[in-house]
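Participant: here is a sequence together with a model predicted from it:
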Number of protein chains: 2
Amino acid sequence: MNTTGSEGLRSALIVGTGLMGTSVALALRAVGVEVQLRDRDPAAADLASALGAGAVRTSDSPSVDLAVIAVPPASVATTVAGLQREGAAAVYTDLASTKAIAQREIEVIGDPTSYVGGHPLAGRERSGPGAARIDLFAGRPWVLTPSAASSGHALDTVRRMVELCEATVVVMDPDTHDRAVALVSHAPQVLASLVAARLLGADAEAVGLSGQGLRDVTRIAASDPALWTEILAANAGAVAEVLSAVAADLDRVVDALRSAAAAPDPAAMDPVTAALRAGNAGRAALPGKHGGAPARFTAVPVLVPDKPGELARLLTDVGTDGINLEDMRIEHSPGQPVGLVELAVRPALAEELVAALRARGWAVHW
Amino acid sequence: MNTTGSEGLRSALIVGTGLMGTSVALALRAVGVEVQLRDRDPAAADLASALGAGAVRTSDSPSVDLAVIAVPPASVATTVAGLQREGAAAVYTDLASTKAIAQREIEVIGDPTSYVGGHPLAGRERSGPGAARIDLFAGRPWVLTPSAASSGHALDTVRRMVELCEATVVVMDPDTHDRAVALVSHAPQVLASLVAARLLGADAEAVGLSGQGLRDVTRIAASDPALWTEILAANAGAVAEVLSAVAADLDRVVDALRSAAAAPDPAAMDPVTAALRAGNAGRAALPGKHGGAPARFTAVPVLVPDKPGELARLLTDVGTDGINLEDMRIEHSPGQPVGLVELAVRPALAEELVAALRARGWAVHW
């Protein structure tokens, strides 16, 4: 947590105390920013306040340095323009997941000088102020979309808020942002829904065969249709572009599968293999963990009898040799006579660990 | 674990000691079945044997009650027919994820009387004998596809194997099975790959905005393209049918988004909302929990200083108290002064573990 103060940002108004707005409020409160809270639903504002997110805004509340608009995308521009007319704040930002339409609307009905659009790439399965987390944004990208009209002071103030939330500022223009989220968020949402929709009316016995793969692919299909209709409407052109590229790929795969079904010719499957390979490469392009163990460490597999004390003996041997473990996986289940334990160490230490364990009689599969 | 014996199934041959074959072998060994192991890769058979899965098959090995063919789908029929000519076993089954083609081939080149196709709906991210789990199949569906030619003895024997693996038998005909897995597994695999493929060539800044939703949708896109080409080729017709239904839905959504982008008319989005709602309903049709992993074990979080010897001291304390750990996660990043370590134990042991660790001065977050 940054505790060096909040120069340029001493007071803030959060409009919309759901998950996102309340999480911003908690992060700002923690560094001493005065926070006012407002929500159409007074109970939501009260709960956010009870959770330590700030004080509910009253008609006497003073004007603030920054207003954070945490309302659905279609209401952003009117909310910003309304608050600007009230003089509620010196600077305005929002948290909505599409940026271009609100930007254009504010240029028409509001004052674009004091506005810098924002979109923190963070969230949770749960919603509402009770789900808020002070560290919801920590380490996540937070896109800011200043326009040519935005003042330097507005950008500095909003940037300061992002830093206080421990997120990473990414500056983009609104259209580039909207194309990016169409690719990484909005189009995947539609496709997850279409995969899940195929299960409707299917035999219960067939659906009963589903496993973790289908559950993962369709997890986000459980999202709120009303909210997502609004998001997709606000980014319809960019999402249609990504989805029609997927549709063209899909047509090629369907044609290839039909050829393969009609006559067994290994070459008929080539477009399918190409699509699977492209999927591998695209998946590998994702930042962060890719499912497996991080490649920063080397995994050393050791066979360990499955009885009390053996694991401790192994770890004692590792500790006695002064080697610091970074992670450990126990690769077996109760009842297996011999377990495979993976000891993860920094790559430079792997050879030393293998030699030390073998010297002590451990069976290392290396 | 069923330990009432293995009547009708005293000996088995596992052909292919990867994740699936070795897991079957471990489950059968645990109830006293004699298990022979065979793999094209001698090192894989040796590792499976070292893990307690059975003895590597030699030219002297006797004929067995049941041969379990755990090889890629396209090799199932020739492997079964070859073993039948050797007289290696009385009954044959396989674990491949498509059933109709192998069934038809065995009817031509082998003896369908002693064969009952099988498909356990279970798996892991990792592969190879080292990833095998004795309880990989516990509580999971295991489809058996007996044909009109299959003997009652063959079905009884294979059914017994499934019971010893603690899975649930689901009897289907091969074509119904293949249509079901096209819906719940093969088509979702293709669509996950197509979503991931769109990331290729995209701006790194755009891909950097991706979050957990995209990671979930594309997780299975990391699967092996060669293996999946084989699976999809063996089920091409049924997969094409599901995918072309998705393509039709996708075209409707793209048209709606293009209309919405061209002129803001709330009704234009109706087909999109309908697709999102259908996705909600389809997702809700999935069996079991819709997110978290099954809670077989209880995780006890303990704070551990990140320095050599501390983890060993913790594990020594656990071992001294005679508590058998089922799994362990190190929940911190290098450089953090204190790490959160999660010790997983059988739920009945959790309270005892917490008390024992606290008595020894560990900070347990319980």
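Facilitator: Perfect, I can see it now. A quick note: this is a predicted structure, and the numbers were derived from the prediction, not measured.
Participant: distance check, A:Pro305 against A:Gly339.
Facilitator: Taking CB to CB, to the nearest Å as the criterion, A:Pro305 is separated from A:Gly339 by 7 Å. Just so you know, the C-beta spots here come from the backbone N, C-alpha and C atoms, and that holds for glycine as well.
Participant: tell me which of these two has more neighbours.
Facilitator: Using other CB atoms under 10 Å in any protein chain shown, the more surrounded residue of A:Pro305 and A:Gly339 is A:Gly339, with 21 against 13.
Participant: surely the more buried one and A:Val304 touch.
Facilitator: Yes. Assessed by CB atoms under 8 Å, A:Gly339 is found in contact with A:Val304 at 4.9 Å.
Participant: tell me which residues touch A:Val15, please.
Facilitator: A:Gly21, A:Arg38, A:Asp39, A:Ala67, A:Val68, A:Ile69, A:Ala70, A:Val71, A:Thr79, A:Leu83 (CB atoms under 8 Å, 6 or more residues apart in numbering or on different chains).
Participant: nearest residue to the fourth one in space, please, no chain neighbours.
Facilitator: Pointing back at A:Ala67 there. In this structure, A:Ala67 finds its nearest non-sequential neighbour in A:Ala89, 3.7 Å apart by CB to CB, 6 or more residues apart in numbering or on different chains.
Participant: looking at strand pairing, list the partners for that neighbour.
Facilitator: For A:Ala89, the beta-bridge partners under DSSP bridges are A:Val64.
Participant: what stretches of the stretch 51-200 of chain A score poorly on pLDDT?
Facilitator: For the stretch 51-200 of chain A, applying pLDDT under 70 flags the ranges A:125-126.
Participant: contact partners for the residue in it that chain B sits nearest to?
Facilitator: As assessed by CB to the nearest CB, chain B sits closest to A:Ser193 within the stretch 51-200 of chain A, at 2.8 Å. When contacts are counted by CB under 8 Å, 6+ apart, A:Ser193 touches A:Ala221, B:Ala275, B:Leu276, B:Ala278, B:Gly279, B:Asn280.
Participant: of the residues you listed, which is the nearest to A:Ile14?
Facilitator: B:Leu276 (28.2 Å; CB to CB).
Participant: for the helix or strand hosting A:Val341, give me every contacting residue.
Facilitator: Using DSSP states H and E, A:Val341 sits within strand A:338-345. Residues outside strand A:338-345 that contact it (CB under 8 Å, 6+ apart) are A:293, A:297-306, A:311, A:314, A:318, A:323-332, A:353, A:365, B:50-52, B:130.
Participant: and the next element down the chain from it?
Facilitator: Counting by DSSP H and E, the next helix or strand C-terminal to strand A:338-345 is helix A:350-359.
Participant: I'd like to know which elements that following helix is packed against.
Facilitator: With contacts taken as 3 or more CB pairs under 8 Å, 6 or more residues apart in numbering or on different chains; DSSP states H and E, helix A:350-359 sits against strand A:298-305, helix A:310-320, strand A:363-364.
Participant: of those, which approaches chain B most closely?
Facilitator: helix A:310-320 (3.4 Å).
Participant: now the angle between strand A:298-305 and that closest one, please.
Facilitator: Angle, helix A:310-320 to strand A:298-305, by axes from the mean of the first three to the mean of the last three CA atoms, to 10 degrees: 140 degrees.
Participant: ok now the helix or strand hosting A:Val143, how far from the chain's centre?
Facilitator: Here A:Val143, judged by DSSP H and E, is contained in strand A:141-145. Strand A:141-145 has its C-alpha centroid displaced from the chain centroid by 13 Å (CA atoms, centre = their mean, to the nearest Å).
Participant: stretch A:246-256 too?
Facilitator: Taking CA atoms, centre = their mean, one finds stretch A:246-256 lying 29 Å from the centre of the chain it belongs to.
Participant: pull the CA atoms of that stretch into PDB?
Facilitator: The C-alpha coordinates for stretch A:246-256 follow below in PDB (Å, rounded to 0.1, in the frame of the first residue of the first chain):
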ATOM      1  CA  VAL A 246     -14.200 -16.300 -35.500                       C
ATOM      2  CA  ALA A 247     -17.200 -17.200 -37.600                       C
ATOM      3  CA  ALA A 248     -15.000 -17.400 -40.700                       C
ATOM      4  CA  ASP A 249     -12.500 -19.700 -38.800                       C
ATOM      5  CA  LEU A 250     -15.500 -21.700 -37.600                       C
ATOM      6  CA  ASP A 251     -16.800 -22.200 -41.100                       C
ATOM      7  CA  ARG A 252     -13.400 -23.500 -42.300                       C
ATOM      8  CA  VAL A 253     -13.300 -26.000 -39.400                       C
ATOM      9  CA  VAL A 254     -16.900 -27.200 -40.000                       C
ATOM     10  CA  ASP A 255     -16.100 -27.700 -43.700                       C
ATOM     11  CA  ALA A 256     -12.900 -29.700 -42.900                       C
END
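Participant: give me the residues contacting it.
Facilitator: Identification of contacts with stretch A:246-256 by CB under 8 Å, 6+ apart yields A:187, A:191, A:268-272, A:275, B:190-191, B:194-195, B:197-198, B:240, B:243-244, B:246-247, B:250-251, B:254.
Participant: that one: which residues count as buried?
Facilitator: A:Val246, A:Ala247, A:Asp249, A:Leu250, A:Val253, A:Val254, A:Ala256 (16 or more other CB atoms under 10 Å in any protein chain shown).
Participant: which SSE is the fifth one in?
Facilitator: Assignment of secondary structure by DSSP H and E places A:Val253 within helix A:236-262.
Participant: before we move on, the earlier item: dump the helices and strands packed on helix A:350-359 to a markdown table, plus mean pLDDT and distance to chain B.
Facilitator: Formatted as a markdown table, these follow (pLDDT from 0 to 100; distance: least, CB to the nearest CB, whole Å):
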| stretch | mean pLDDT | distance to chain B |
| --- | --- | --- |
| strand A:298-305 | 86 | 6 |
| helix A:310-320 | 85 | 3 |
| strand A:363-364 | 87 | 7 |
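Participant: of all the ones you listed, which one is nearest B:Thr229?
Facilitator: Closest among the helices and strands packed on helix A:350-359, using CB to CB: strand A:298-305, at 28.5 Å.
Participant: for that closest one, which outside residues touch it?
Facilitator: With CB under 8 Å, 6+ apart as the criterion, strand A:298-305 contacts A:293, A:310-311, A:314, A:329, A:331, A:337-347, A:349-350, A:353-354, A:357, A:362-366, B:50-51, B:130.
Participant: now, of these, which are buried?
Facilitator: Among the contacts of strand A:298-305, those buried by neighbour count (16+ other CB under 10 Å) are A:293, A:310-311, A:314, A:329, A:331, A:338-345, A:349-350, A:353-354, A:357, A:362, A:365, B:51, B:130.
Participant: what residue, apart from its backbone neighbours, is nearest A:Gly279 spatially?
Facilitator: A:Gly279 sits nearest to B:Ser193 (CB to CB, 6+ apart), 2.8 Å away.
Participant: how about the spatially closest residue to A:Leu349 that is not a sequence neighbour, what does it touch?
Facilitator: Spatial nearest neighbour of A:Leu349, chain neighbours left out: A:Ile323 (5.5 Å); criterion: CB to CB, 6+ apart. Residues near A:Ile323 by CB under 8 Å, 6+ apart: A:Val345, A:Leu349, A:Glu352, A:Leu353, A:Ala356, B:Pro308.
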